[in-house]
Structure formats: C-alpha cells, structure tokens
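K.L.:
Sequence plus predicted model, see below.
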Amino acid sequence: MQHGILGNEFGFLPKLATIDAVYGQFEKDWYVANGASAESIRVIGHPRFDQALEKTTLTRNQFLKRLNLDKQKKILLLIVRGNRFAKKWQLLIKQIKKLLDINIIIRDFPNDHKHVLQLKYPFIRSTNKLTLYEILQHVDVVVSYASTVVLEAMLVGKPVFVLQTTLPSYTGYYDQLTPFVQKDPTKLASLIHLYFINAKWRNIAEKKRQKFISYAYPDQSSSGQRLLNLVEELSKGAKK
C-alpha cells in the first residue's frame, strides 16, 4: 500500500509487489511510464483518508477556545517538519504579517514540542494534541511543504499553498497546483494575500483544487472497502 504521496522515487522504485494499491491516477500513470504493467497497479486510495471525509465532533467554538484564537480573524495553518527550511518559513511569516491580520497556527511532525517558529513569533499558536482532521475542518487556508497533508487538506475542501523545496528525483506530483506552488516564500505570501482579498483568486484556487483531486484522488468512496475487496480478490486467486 502507498504510504504517502509519490513525491520522489525513493521508497517506490524498484517495484517489488504483485499489486501496488495507490492513491489515484497520477501514481498509476507514473508506474506504467516506469515500466510496470497497468494490471499491477490498483487505485485504492487510503483508508486513513476516509476519516478526512467525516465530520469532526470538535465544534469551531471549541477549536477556537482550545487554541486561544481570535474568532473575528481567519485562520492560516502552517504544516512544517522540524526545523527544515526555517529561513524560508520565517520570510513567509514576516511577509504574511505585513499583509494580513489573521490567526496563524502551526503543526509540526512530530508535534510534541514548542517549535522554533513559535519562539521567534509568539503570536503563532501550536495545534498541540489535536488530530489533523480535527484541525483541517476549522481552518481557512493551509500552507505546507510538499507533504501528504496537502492532499488531505484538499480532500477536506481547503485551499492549499505549497512552499516547494528542491527534492531529488521529484516526480512533479504537485505541479498541477501552479502558481500556488512556489519556491520563493515572498511570492507565496503574495498569493496567499490575493486569495484572502480577491474573489477571482479564490475561484482560481478552487478550480485548481478540484482538478487536482479528480486526478490525484478520483474515487472518494470507502477506501477501506475497496482495499478489503482487493485483498479478497487476491486471496481467491492465491487459493486457485
């Protein structure tokens, strides 16, 4: 089973399994282009993402109170990974604060300590021990490195901006989201600003999201059930 987005070749090639259960059409096309047979790739999604499509029991008021956020302001979620690309994140935050008066919250991986960005910018709130899907449903915009969270946020219907970094053997997974994928944090901050103040840019972002999901995760029926069906199919074939 696919464990995360197919961002680069590492962990995905060489292909060893009889069947690879993948998220969507992107992976199927990529594997076939790299020599795999179409029959050995099945679009299954991931059972974890089934939870993303369910409503959380945490209300918005509970969420705001838990993180001590201003209910009058929009909420921007930053997805980071340790101290990687810290200078770029700092540039992004400084520019956003110049342009917008919003709540900024941060989720690290793992999210078990005070992040360096919080130490530098005390106005940033940590998502603490809330689950990703409890958080996503209550934020207005997500900004992330090229993480699987980008896909998960779009499944929940959220606009996402990607701070792109150099990745060896990058597959181009998020290229369809251009111009909302930028290596320059200042440019990315400007696009986030446009999204909040301009309805035209919100429409563009939503069309990009829908187009991306239709290719990257086209089947939003129960992934758990599709996986079970595949396991039963392969089990019957093995018995024969």
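P.N.:
Nice, thanks for sending it over.
K.L.:
Can you tell me the centre-most residue of this structure?
P.N.:
V150 (1.4 Å; Cα atoms, centre = their mean).
K.L.:
so which helix or strand takes in that one?
P.N.:
When secondary structure is defined using DSSP states H and E, the element that contains V150 is helix 148-155.
K.L.:
Quick check: which helices or strands does that helix pack against?
P.N.:
Applying 3 or more Cβ pairs under 8 Å, 6 or more residues apart in numbering; DSSP states H and E, one finds that helix 148-155 makes contact with helix 47-52, strand 75-79, helix 132-136, strand 141-144, strand 160-163, helix 199-216. Using the backbone N, CA and C atoms, a C-beta is placed for each residue, glycine as well.
K.L.:
Can you redo those as TSV, where the extra columns are mean neighbour count, mean pLDDT and distance to L230?
P.N.:
Written out in TSV, the entries for those read as follows (neighbours: other Cβ atoms under 10 Å; pLDDT from 0 to 100; distance: least, Cβ to Cβ, whole Å):
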stretch	mean neighbour count	mean pLDDT	distance to L230
helix 47-52	16	92	12
strand 75-79	23	97	30
helix 132-136	20	94	24
strand 141-144	24	98	30
strand 160-163	24	97	29
helix 199-216	15	97	19
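K.L.:
how many neighbours does D108 have?
P.N.:
Around D108 there are 20 other residues, counting by other Cβ atoms under 10 Å.
K.L.:
From S147, how far out is it?
P.N.:
Look at D108 and S147: by Cβ to Cβ, to the nearest Å, they are 11 Å apart.
K.L.:
Overlap of the contact sets of these two?
P.N.:
In terms of Cβ atoms under 8 Å, 6 or more residues apart in numbering, D108 and S147 are both contacted by the residues R81.
K.L.:
Now do the contacts for the residue lying closest to K55 once chain neighbours are set aside.
P.N.:
The spatial neighbour of K55 that comes closest, neighbours along the chain excluded (Cβ to Cβ, 6 or more residues apart in numbering), is Q137 at 7.2 Å. Q137 is in contact with 55-56, 156, counting by Cβ under 8 Å, 6+ apart.
K.L.:
what's the answer for T127, then?
P.N.:
Here T127 is in contact with 67, 77, 105-107, 111, 135 (criterion: Cβ under 8 Å, 6+ apart).
K.L.:
got TSV for the residues you listed, with distance to I19 and secondary structure too?
P.N.:
What follows is the contacts of T127, written out as TSV (distance: Cβ to Cβ, whole Å; DSSP: H, G, I helix; E, B strand; the rest coil):
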residue	distance to I19	secondary structure
L67	42	helix
L77	35	strand
I105	39	strand
I106	38	strand
R107	33	strand
N111	34	coil
I135	33	helix
